[in-house]
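Enquirer: structure for the following, please:
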Amino acid sequence: MKTIDAFTNIFRKTDYESKLLLGEALLKDKVITVSQLQKALDIQRLNQEKLGKILIDQAFAKETDIIKTIEKQYGIEVSSLSEDIEDRIKRKPLSWRHKFSNLRMPISVKFAISITFAIWLTVLILSFIILQRQKEVLYQQTLKVGKISLNYFSNSATIPLVSDDTLKLNTLIKEATSVEGLLYAIIVDRDQVVKAHTDPDKIGSTLPSLENAEGKTTEDSITYYNYHSPSGKNILNVSQPVTFKDKVLGAVNVGVSLDFIREQTRKATKSLIILSLLIIILGISTAIFFGIGFSRPIYQLVMAAKEIAKGNYEFKIDLIRRDELGDLASAFNYMSHELWKKFLITKSFGRYVSPEVLDIILANPEESWLKGAHTEATILFADVRGFTQFAEKREPEEVVDSLNEYFRIATRHILEHGGYIDKFVGDAVLGVFCIPIFEEDHAERAVNAAMGMQWELTSNGRSQNPLLARIGIGINSGRIVAGNLGSDTKIEYTVIGDTVNIASRITDIAGPGKVLISKNTLDLVADLVTTTTIPAQKVKGISDPVEVYQVLRVNKPDDGNEEKNHENAKR
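Expert: Below you'll find the predicted structure:
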């Protein structure tokens with residue numbers, strides 16, 4: 001049956017006796033089918049309704065059938081699915097079996113119990129096999145003693161039986177009981193009349209037949225079987241006929257005690273028990289030793305996880321093992337190192353870095369890219385025209401929401417074209433292309449990002465957010481200085497220089513929805529864009545007028561920008 005992991009908000013896995021989830025219980029009682037349950041779960045993932053209600057709404061099951069299943073599986077009385085069934089199940093008393101299963105037990109103890117049980121079971125099986133084998137060996141030895149005694153008496157009783165010499169027959173077996181384990185010796189004639197007996201009082205009586213004989217076996221002319229005497233002794237009786245010239249004269253019976261086998265078995269059992277206890281003690285000690293060897297690394301992993309949770313991503317597990325725990329420790333250290341690198345990136349560079357920049361930082365997170373350096377780059381400034389008037393007439397919440405939407409669009413286009421967000425300055429965005437990764441087409445990337453950004457900004461601004469249609473963009477290319485600037489308490493990676501200042505000044509004269517570029521940028525993208533010349537502008541901080549051009553469209557479509565080019569050309 002298919003296992004379902006996430007069933008319902010009514011029934012989760014809680015500490016109650018029955019761990020069957022509602023869906024599994026309904027499947028078990030054949031109230032619903034697997035396909036119906038799967039469909040109900042799909043619906044539940046969308047609307048988060050209770051599983052029972054979904055099954056009823058979809059006509060997969062009746063409420064009465066679901067209630068019957070709940071009462072059967074959880075042992076509670078339910079009148080309606082609207083009741084707080086989960087809470088009632090949680091309050092239901094637990095059985096001792098489930099309480100025991102919920103006990104927290106260290107791994108070393110579990111390991112010791114497991115090893116001890118395995119050793120105990122092994123010793124028990126071996127002891128049984130050894131004792132059975134010992135019993136069999138002792139029995140065969142007893143049988144051998146009986147056969148030897150029997151042969152002696154049979155060979156010596158032939159002539160006395162022929163001559164009916166009772167005295168000689170009794171003299172023959174008089175010393176029989178002196179043999180260890182031999183209880184009796186009996187010589188009878190062909191009519192089963194006792195002619196000689198280790199108990200003289202039974203001479204002349206008829207040998208009684210035994211009804212409680214066990215395992216009667218005949219080998220050649222010898223017959224043997226076990227029986228219990230009236231006094232409770234366990235006896236092996238061995239008998240053999242006495243013949244003369246193929247004529248049966250009588251028989252000899254020898255009784256050998258089997259009680260000593262029980263005694264030997266008892267002694268062996270005692271020895272095995274003592275040996276087993278010693279082995280179990282040794283096994284427990286060994287299991288605890290190895291259990292601690294397992295639990296300590298796990299404890300280290302737990303402590304490491306807590307350190308990571310606290311933000312200590314540089315925490316390392318000092319564990320060298322050539323096994324799975326060693327692999328786990330190495331994997332954990334790798335994870336913490338990766339988390340540390342991500343934390344370093346977030347802390348030092350924020351969320352505005354493109355994937356290419358991330359690769360540089362990961363390769364050398366605290367070295368060359370942080371130092372000041374001269375390089376060629378393209379600077380993109382985007383600013384809101386008339387932002388002060390816009391903000392004065394609206395609620396702060398609306399202003400913030402409008403700005404965030406503008407920043408989100410600007411950030412996406414800059415990052416998609418390989419730039420990075422240097423900073424947000426009030427309502428302005430500073431994007432940099434070719435830093436810290438050199439890109440030969442950095443100017444083209446900046447222009448494509450600006451045109452795509454303006455197309456999306458003005459499209460959304462016309463219908464939803466009027467702030468988006470007020471964005472002016474200025475772009476300039478040239479030599480800049482990039483590096484970390486700041487103090488011990490505050491530092492940021494940024495760019496400075498005349499190229500940056502000119503890009504900012506060009507932005508100041510860019511009207512809403514316009515993209516203006518400098519002569520330096522145009523020289524790099526002249527074959528790729530269509531522009532119109534704007535009269536040279538005198539900007540603050542620059543002695544000579546700055547040549548500025550408005551980009552009308554990108555001649556080489558970038559990422560499906562033909563529609564965007566058309567819209568910008570119309571404007």
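
Enquirer: give me the distance between the residue lying closest to residue 127 once chain neighbours are set aside and residue 131.
Expert: Excluding the flanking residues, the one nearest residue 127 by Cβ to Cβ, 6 or more residues apart in numbering is residue 272, at 4.6 Å. C-beta coordinates here come from the backbone N, C-alpha and C atoms, glycine included. To residue 131, residue 272 is 7 Å away according to Cβ to Cβ, to the nearest Å.

Enquirer: and what of residue 391?
Expert: Noted for residue 391: a distance of 97 Å to residue 131, by Cβ to Cβ.

Enquirer: residue 380 now?
Expert: Counting by Cβ to Cβ, the gap from residue 380 to residue 131 is 92 Å.

Enquirer: then residue 240?
Expert: 31 Å.

Enquirer: between the two, point out the one with more neighbours.
Expert: More crowded of residue 240 and residue 131, by other Cβ atoms under 10 Å: residue 240, with 21 against 16.

Enquirer: whatever helix or strand the residue nearest to residue 127 lives in packs against which elements?
Expert: Here residue 272, judged by DSSP states H and E, is contained in helix 259-309. Counting contacts by 3 or more Cβ pairs under 8 Å, 6 or more residues apart in numbering; DSSP states H and E, helix 259-309 is packed against helix 107-156, strand 234-244, helix 324-349.

Enquirer: give me the angle between it and strand 234-244.
Expert: Helix 259-309 runs at 140 degrees relative to strand 234-244, counting by axes from the mean of the first three to the mean of the last three Cα atoms, to 10 degrees.

Enquirer: so how far is helix 259-309 from its chain's centroid?
Expert: With Cα atoms, centre = their mean, to the nearest Å as the basis, helix 259-309 stands 27 Å off its chain's centre.

Enquirer: quick one: residue 542 and residue 504 touch, right?
Expert: No: applying Cβ atoms under 8 Å, one finds residue 542 not in contact with residue 504, separated by 11.1 Å.

Enquirer: neighbour count for those two, which is higher?
Expert: residue 504 (20 against 13).

Enquirer: list the buried residues of whichever strand or helix holds the more buried one.
Expert: Secondary structure assignment for residue 504, by DSSP H and E: helix 498-508. Of all the residues in helix 498-508, those buried under the rule 16 or more other Cβ atoms under 10 Å are 499-507.

Enquirer: stretch 202-217 too?
Expert: Buried, per 16+ other Cβ under 10 Å, within stretch 202-217: 203, 207.

Enquirer: ok, and what's touching it?
Expert: 166, 170, 186, 188, 191-197, 223-228, 237, 253 (Cβ atoms under 8 Å, 6 or more residues apart in numbering).

Enquirer: buried residues, the longest strand seen in the chain. List them.
Expert: Of all segments of type strand in the chain, defined using DSSP state E, the longest is strand 471-486. Neighbour counts over strand 471-486 (16+ other Cβ under 10 Å) mark 471-478, 480-483 as buried.

Enquirer: how about those residues in TSV, adding pLDDT?
Expert: Listed next are these as TSV, based on pLDDT from 0 to 100:
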residue	pLDDT
471	93
472	95
473	96
474	96
475	96
476	96
477	96
478	95
480	93
481	92
482	87
483	81
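
Enquirer: do you know how far the residue of the chain positioned farthest from its centre is from residue 174?
Expert: Distance from the C-alpha centroid of the chain, by Cα atoms, centre = their mean, peaks at residue 163 (91.7 Å). Separation of residue 163 from residue 174 (Cβ to Cβ): 18 Å.

Enquirer: much appreciated, bye for now.
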